[in-house]
Structures are given as C-alpha cells and as structure tokens.
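Asks: Please find the sequence and the predicted model below.
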Amino acid sequence: MPEPRKAIALISGGLDSLLAARVMMDQGVHVEGINFYTGFCVEGHTHAIRKKDRARPKRNNALWVAEQLGIKLHIVDIIEEYKDVVINPKHGYGSNLNPCLDCKVFMVNKAREWIDANGFDCIITGEVIGQRPMSQRRDTMPVVARESGAGDRLVRPLCAKNLPPTRPEQEGWLDRDQLHDFNGRSRKPQMALAAHYGFEDYAQPAGGCCFLTDRQYSVKLADLWATRGKREYEIDDIMLLKVGRHLRPRPNFKLIVGREEGENRYLEGYRKRFVHMLPTSHRGPLVLIDGEPDAADIELAARLTARFSQGRDAECVTIEVTGKDGASRARAVKPYPAGQVPADWYL
Amino acid sequence: MKSVDARRLLCPLPVIRAQDAVADLQPGDLLRVRCTDPGVLHDIPAWCRVHGHEVCEIDEQEDTITITIRVGSD
C-alpha cells in the first residue's frame, strides 16, 4: 500500500484552519498541524495573568483543534525572527500595527521550510477569499503563494475552486470536486461545514488571535517605539504591553499600574528592572516606572500611584519608592485628583 | 531525568520548551518540566495526548507546577 501523501496545516486554533485540515483528511491525506508563536498571540496570556480570569476553564485552541482532528501539532517559537515582520513590513500595516500580509507570507514560508525538511508534500491554510481585508483578498492570495516560495504547493481547501489548481490537484491525488468555493466574509458556509463534521465548541475570537490587530495595544507599541526613538522590542516589552494600565504623563517616563492581584503578582517579576512604587499606608497597586524620571517625575508618579490606591480620597498616602539599585524610600504624598488625570495620559 | 525550567514563562512557551526537550529524548525517557503558568495544567497534558506521550505526575507546590512526562514511542 503506498504511503499517504502528507500535508502540514497552519493551525491557528480557529474554525477555518480546523475545517481546512479536516477536508484534506477526508481525501486520505496524512495531516499534521503547525502553530507559530509570535509573542503577540492573544492565546491565554491575559487569562494566565489576571486573577479574575483564572477561574474560567482555559484551553489552547490550537491544541484543542489538533485533538479534535487526531493529528500532531508542532508549536514553533518564532519570536526573534518575527520582529522583522512587525518592524519592517514590506506590504505595510492594516488598520493598526498588524502586518497581516507579511505575517501570512512569513508563516507560509516557515511552513514551506518545514515540509522541505520533513518530506511533506504540501501546505494547507484555512484562508478564504474576501474573508480578511488585507491578507485574504483575491489579489493578495497569489502574493502569499509566490513570496513564501510555496507556489502551487499551497492548498486552500475552503476556497480552492475559486483559485487555479494546485500541484496536488494537477498530480491527481487531490480531488478538486471535493474542495470548496467559499468566498467573502459570511461565516455561514463554515458553520454549515462544522455542523456537517460534528464540530461544536470551536473558538470564535471576536478580535482575531493577534494583539497587533487591537487598537489599544497598537497605540502602546507605537508609544514604546516613539519614546525610545527606535523601532525595536524584546519579548518582555511586548508582554508588559498586555498587562496593567499604562499612563504616560511625560515623554521621559510612563507608569505601568497593576489593575488587580494577578497583574500585581506578574509585575512583581519585573520590579527589579524598574523604579517601582507600592502604597504602604493603604492597599494599592504595584507600579513600574518605565523610563528615566527625575525628582519631580518621581513625585508625580507617586501621587498617581496614590490615586490608584484605596487611599485615593485620603489627604496623604505613603508610597514606598524603590530604585533600580534596590534602595527604598517612603514618600508621603497627596493623591492626584482622579478627575484631573488628563485622558491623553492613558495609553 | 532531564529537566526543563519553564518558570515565569506563559503558555505556550512551556509547551514549546517541553517539545524541544522531548526531541532529544528516546521513547520511555522521563522529562520533568517546572512551570508557574497554571495554563500548563491543561496545555501540557493536551500536547502529550496529541503526541502520544504520558503524563506520569503533576505536582503543585505553592506557585510552582512540576509535570513529569514519559516520552511516547511515536
């Protein structure tokens, strides 16, 4: 009996990639999944950090999809390589700092490298023409195939009938008639196909699976680049953008204010790298000061820290201020009036 | 027994660290992964199931979760 043909499916954890992989499995193709971790993935992080979210059942949707399909899932750390995609996107950004087309090209290219190294025949994605405004348009689909180097080894089973035949179809081991012709933003065809296969409880992330599509997150990342004077980041930078309130009262420093116990505990792990503040006369948040504050800035930051403490209405709140050298000093400050914090300080 | 320190890493990084370590092991070998993200309580067993590995033990001590994995044959 001949070995089955083999395909690697890009598994995001959403419905489309689940269905695309399943459609290929229906034709006897051996499918394994690949999932890329960029550092911007929404998957689970705020959930893991915020205490109020911890009680809810959590799952990694890509692993859930793999379990539903009964396939292996290879999770690949691309944090370092992905920086160039975010910082220098050849095709530009979407409505926020989301470089969706470059991202898709990059991931399909990584999948191409993987199939070349592992003797697989083709790559599967859950793309649908017209589904996304940047990366899933009729004119950008060939761009992904061409620039990734995947060419006709890239199969999009959900909209294959709207595209030229791929190599597996030309070679006769993939039946085009059993592929689909989905088109546009409607989710009804996907939902009908999910029902056909008996898939329930699949993930339907409202804002996509990437923080870069989030306006508020993009504002914080743009602020980080602008104030540092260079477009670069480390993984800790982008993790901290997911946590707490961020206020920038002055160009030379910002505050990262823990919003609840889980965030305070998470910020604890970073406190030695930052000047940090903690109310001691009242309960309140751990606050990291990112930047180079002078003495007047420290006073302002301490008053803002007091504003977010339970002593916000008190005449005086004691704030313990600890420098990067570990030396601590108590400061008694008047809380900054809540109504007077300018809205444009909030990132 | 090989050990991986994935403390302070958020999922899926502990899973990726475990996956990378398992790549260098033989079927039947044991791997111990130390973590702090409670998400691993779901994610590492799920990853083991899809790859045919066995979760031998999960030990939770204060904020540290230690998961011992026996590498599967495939």
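Replies: Received it, and whenever you're ready, just let me know what you need.
Asks: Walk me through the domains of chain A.
Replies: As recorded under automatic domain parsing, the domains making up chain A are A:6-211, A:243-345.
Asks: and these as CSV, adding mean neighbour count, mean pLDDT and distance to chain B?
Replies: Every C-beta, even on glycine, is put in place using the N, C-alpha and C of the backbone. Shown next, in CSV, are the domains of chain A (neighbours: other Cβ atoms under 10 Å in any protein chain shown; pLDDT from 0 to 100; distance: least, Cβ to the nearest Cβ, whole Å):
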stretch, mean neighbour count, mean pLDDT, distance to chain B
domain A:6-211, 19, 90, 4
domain A:243-345, 17, 95, 6
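Asks: For chain B, which residues are neighbours of chain A?
Replies: Proximity of chain B to chain A, by Cβ under 8 Å from any Cβ of the partner chain, involves residues B:8, B:10-13, B:15-16, B:19, B:37-39, B:42-43, B:46-47, B:49-51.
Asks: Among those residues, name the ones in helices.
Replies: B:Leu13, B:Val15, B:Ile16, B:Gln19, B:His42, B:Asp43, B:Ala46, B:Trp47, B:Arg49, B:Val50, B:His51 (DSSP state H).
Asks: ok, now how distant is the last one from B:Val22?
Replies: Distance, B:His51 to B:Val22, using Cβ to Cβ, to the nearest Å: 8 Å.
Asks: Which of the two has more residues huddled nearby?
Replies: B:Val22 (21 against 18; other Cβ atoms under 10 Å in any protein chain shown).
Asks: what's the spacing between A:Asp26 and A:Leu19?
Replies: Relative to A:Leu19, and taking Cβ to Cβ, A:Asp26 is found at 10 Å.
Asks: Okay, the most far-flung residue of chain B relative to its centre and A:Asp77: tell me how far apart.
Replies: Most distant residue from the mean C-alpha position of chain B: B:Glu62, 17.9 Å away (Cα atoms, centre = their mean). B:Glu62 sits 28 Å away from A:Asp77, going by Cβ to Cβ.
Asks: Pairing partners for residue 32 in the sheet, please.
Replies: You didn't say which chain, so I picked chain A. A:Ile8 (DSSP bridges).
Asks: That was the other one, I meant chain B.
Replies: B:Ser3, B:Thr68.
Asks: And it, what's its pLDDT?
Replies: Looking at B:Arg32, its pLDDT reads 98.
Asks: does it really touch B:Thr68, like I thought?
Replies: Yes - B:Arg32 lies in contact with B:Thr68 (Cβ atoms under 8 Å); the separation is 5.2 Å.
Asks: Identify the contacts common to these two.
Replies: B:Met1 (Cβ atoms under 8 Å, 6 or more residues apart in numbering or on different chains).
Asks: the helices in chain A, which residues?
Replies: Going by DSSP H, chain A shows helices at A:15-26, A:45-49, A:51-54, A:61-69, A:79-87, A:100-118, A:141-148, A:167-170, A:188-197, A:215-228, A:235-240, A:261-268, A:295-307.
Asks: Can you pull up the most central residue in chain A?
Replies: A:Cys41 (2.3 Å).
Asks: so that one sits right up against A:Leu212, yeah?
Replies: No - A:Cys41 is not in contact with A:Leu212 according to Cβ under 8 Å; the separation is 10.0 Å.
Asks: Need the contact partners of stretch A:305-325.
Replies: By Cβ under 8 Å, 6+ apart, stretch A:305-325 touches A:245, A:255, A:257, A:271-285, A:287, A:298, A:302, A:328-338, A:341.
Asks: Of the residues you listed, which belong to strands?
Replies: A:245, A:255, A:257, A:275-279, A:287, A:328-333 (DSSP state E).
Asks: surely B:Ser3 meets B:Leu30?
Replies: No - using Cβ under 8 Å, B:Ser3 is not in contact with B:Leu30, being 9.6 Å away.
Asks: Excluding covalently adjacent residues, which one is nearest to B:Thr36?
Replies: B:Arg7 (4.7 Å; Cβ to Cβ, 6 or more residues apart in numbering or on different chains).
Asks: any idea how far the one you found is from A:Met25?
Replies: Taken as Cβ to Cβ, the span from B:Arg7 to A:Met25 is 37 Å.
Asks: got it, and A:Arg146?
Replies: In terms of Cβ to Cβ, A:Arg146 sits 27 Å off from A:Met25.
Asks: that older thread, give me the buried entries from the residues of chain B next to chain A.
Replies: Neighbour counting by 16 or more other Cβ atoms under 10 Å in any protein chain shown classes B:10-13, B:15-16, B:19, B:37-39, B:42-43, B:46-47, B:49-51 among these as buried.
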